[in-house]
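**Student:** Build me a model:
(chains A and B)
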Amino acid sequence: MQNIKENERLSMLNHSCAHLLAQAVKHLYPEAKFWVGPVIEEGFYYDIDLNGAVVKEEDLPSIEKEMKKIAKDGKKIIRHEISKKEALEQFKDDPYKLDLIQRMNEEETVISCYTQGDFTDLCRGPHVESVKELKHFKLLKVSGAYWKGDSNNKMLQRIYGVCFDTEEDLNAHLAALEDARQRDHRKIGKEQELYMTSDLVGAGMPLWLPNGAFIRKQLENYIYDKERKLGYEHVYTPCVGTVDLYKTSGHWDHYQENMFPKMTVDDEEFVLRPMNCPHHMLIYKNKLHSYRDLPIRIGEFATDFRYEASGAVKGLERVRCMCQNDAHLFVTPEQIKDEFKKVVRLILEVYQDFGIQNYKFRLSLRDPEDKEKYFDDDEMWNAAESKLREVLDELGVEYFEALGEAAFYGPKLDVEVKPAVGPDVTLSTCQLDFLLPRRFDLCYIDKDGEKKTPVVLHRAIFGTFDRFTAFFIEECKGAFPLWLSPIQVNIIPVNPEVHADYAKEVCEFLRSNDIRASLDDRNEKLGYRMRESQIKKIPYTLILGDREEQDHMVSYREYHQEGTSTLSQEAFVNLLKEEVKNKRKNK
RNA sequence: GCCGAUUUAGUUUAGUGGUAAAACAGAUCCUUGGUAAGGAUCAGAGGCAAGUUCAAUUCUCGCAAUCGGCACCA
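**Tutor:** Okay, here's the model as predicted:
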């Protein structure tokens, strides 16, 4: 899908289209007042105060119709410049424009406006020359949006749309949107019986069905092996903790509202744990450590509970009960860079194994202005942030920086990916923490015999198994690579009665070679069973008839490939084993 | 949580102020087959809780869940 914001022409076109939208809305809703109408990756939107009126999805066609009418009229879009004083006068009845004007820099003495027919909007531009260039657009959705993005403010109406130069481009874009909906993990999750939900269990509490559970178990085994080889030691800890535990860590002050309500058992207060750091801190503290013991790497596949806002819950991607691929690395200050580097390398390796290419590294820094969220120690923050930056530069990894995205205890590196539908999400994370070790009074005995405080790296490679699975379902569009497929081979005897024995023999041979095979000996036409095998996206389908039985061979067809090939049973098994070994990217 | 929409069979959808149509999936039977749907029969449904009404799946209110966004995301 085109990134409209990054294309100069499309960007201008869409911005002009936003003005056209505003003009049409003004015609239909004379009370309307306008906030901002920027270009975004997916097109444009405009935030509008309709003085209590509400635009619904069903109203969009009539707005589009008005837009077409205005566009056909073909008025020029004319730029004119006025002074700040004139602007304040001209927009004196429009609180939103006044707000914009007043927030402009002192140096900005000249303010530009754009006029098209009966509509003038404050705008930096640039725009297309005339509204008649705006022919191929579509309004896509409507929603509420808080003024200035602050939930304490009034909610405005936001209308989204997109505009192209040609009808073909517009249609291609709409087709791409539809394609994205087709690979939505919620749709595939249901079709392939990967997970389910139930009102009786609750929102954001997915139940993993056998197929999904199998895939998750494979992910667990995969990352467990990798972590063991890298010196991680895995633990099990309870999924509750006392309120005091989280008061000690500081999470209680920061995230109390986002934890499930506390419960009282005997005289103790507990919460379902929202994260595992405090438990792992205590495991570290269980004995006295020498500098020689570090780094100590405590890993856990840990179930956590977070009271996510009801409107945020989404499939497997944003849930209230999740399993983190968590670990805490306890290191000396000298080891920070090296350990951090190893984590980044592990992330790169894992993404390579899964064939994931569309991701971005985000260096999440504190917002120095935000003294409330972040503990106040400039020196520590600056040192931590520059250490992460140094490692990324040394590894030659591309990344972007984001202020105000750090955890309260330290900066972090996040991996951002784009789901089929909805805003970007974080998958992997690696966080640097100087704070929690202090709060838990952790120490190690250094060379000089002095007690020192270790530094902690919090990291999760898959993030949560839930979210990673959601993302990977969408990446592979439900066609899982061989090593992850719950069923790897589906066997279809041409005639279920005549070829039953041979089919069973092959099935047993495959299973004895650790290949997950199913046998479809139902009394259905070959074409019917073939179709079902393809719809289920099973990687290999075997067709066994007279020819195969005679020569003791198998004919196989790969998912989504035309035609078949024939091999001996042994050669086929070797082919599969090789493919699993390579964990090669899904087709 | 906020704005808006939605909720009918296992799934995907249709329709109605007088308790509901279909496709696929399922069961049974027929069909005995070479690469994406052979045929017949059967069984199966209006989220929960109120109100209006002679009568509510349909209208209204509340709750829940889901969907599109916003806000949030340790």
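**Student:** Pop the domain breakdown of chain A in here.
**Tutor:** Structural domains annotated on chain A: A:4-178, A:220-475, A:489-582, as defined by automatic domain parsing.
**Student:** how about JSON lines for the ones you listed, with mean pLDDT, mean neighbour count and distance to residue A:189 added?
**Tutor:** (Glycine included, C-beta is placed from N, CA and C.) Listed next are the domains of chain A as JSON lines, based on pLDDT from 0 to 100; neighbours: other CB atoms under 10 Å; distance: least, CB to CB, whole Å:
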{"stretch": "domain A:4-178", "mean pLDDT": "93", "mean neighbour count": "17", "distance to residue A:189": "19"}
{"stretch": "domain A:220-475", "mean pLDDT": "96", "mean neighbour count": "18", "distance to residue A:189": "6"}
{"stretch": "domain A:489-582", "mean pLDDT": "95", "mean neighbour count": "17", "distance to residue A:189": "13"}
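**Student:** And the nearest residue to residue A:53 once chain neighbours are set aside, how close does it get to RNA strand B?
**Tutor:** Spatially, and ignoring its direct neighbours in sequence, residue A:53 is nearest to residue A:29 (5.7 Å; CB to CB, 6 or more residues apart in numbering). According to CB to the nearest atom of the strand, to the nearest Å, residue A:29 stands 14 Å off from RNA strand B.
**Student:** my read: residue A:29 touches residue A:52, true?
**Tutor:** No. Counting by CB atoms under 8 Å, residue A:29 stays clear of residue A:52, with 10.3 Å between them.
**Student:** Show me what the helix or strand encompassing residue A:347 packs onto, helices and strands only.
**Tutor:** Using DSSP states H and E, residue A:347 maps to helix A:336-353. Packed against helix A:336-353, as judged by 3 or more CB pairs under 8 Å, 6 or more residues apart in numbering; DSSP states H and E, are the following elements: helix A:210-229, strand A:321-331, helix A:378-395, strand A:412-417, strand A:425-433, strand A:455-464.
**Student:** tell me what the longest one is packed against?
**Tutor:** The reference is to helix A:210-229. Against helix A:210-229 (3+ CB pairs under 8 Å, 6+ apart) you get strand A:232-234, strand A:296-305, helix A:336-353, strand A:455-464, helix A:465-476.
**Student:** Which SSE is immediately downstream of the last one?
**Tutor:** Per DSSP H and E, helix A:465-476 leads on to strand A:489-493 as the next helix or strand towards the C-terminus.
**Student:** Just the CA coordinates for that next one, please, in CSV.
**Tutor:** This file holds the C-alpha atoms of strand A:489-493, laid out as CSV (Å, rounded to 0.1, in the frame of the first residue of the first chain):
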residue,chain,number,x,y,z
VAL,A,489,1.1,-33.2,5.2
ASN,A,490,-2.4,-34.2,4.3
ILE,A,491,-2.8,-37.6,2.6
ILE,A,492,-5.5,-38.2,0.1
PRO,A,493,-5.9,-41.7,-1.2
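**Student:** Residue A:472 and residue A:511: what is the separation?
**Tutor:** 26 Å (CB to CB, to the nearest Å).
**Student:** Those residues of the stretch 1-150 of chain A touching RNA strand B, which are they?
**Tutor:** A:54, A:56, A:57, A:141, A:142, A:143, A:144, A:145, A:146, A:149, A:150 (CB under 7 Å from any atom of the strand).
**Student:** typo on my end, the stretch 201-350 of chain A
**Tutor:** When proximity is defined as CB under 7 Å from any atom of the strand, the stretch 201-350 of chain A approaches RNA strand B at A:202-204, A:251, A:254-255, A:258-259, A:274-275, A:277, A:306-315, A:318.
**Student:** In helices, which of these appear?
**Tutor:** Among these, the members falling in helices (DSSP state H) are A:251, A:254, A:255, A:277.
**Student:** Closest one to RNA strand B out of those, please.
**Tutor:** Comparing those against RNA strand B with CB to the nearest atom of the strand places residue A:255 closest, at 3.5 Å.
**Student:** Excluding covalently adjacent residues, which one is nearest to that closest one?
**Tutor:** The spatial neighbour of residue A:255 that comes closest, neighbours along the chain excluded (CB to CB, 6+ apart), is residue A:274 at 6.4 Å.
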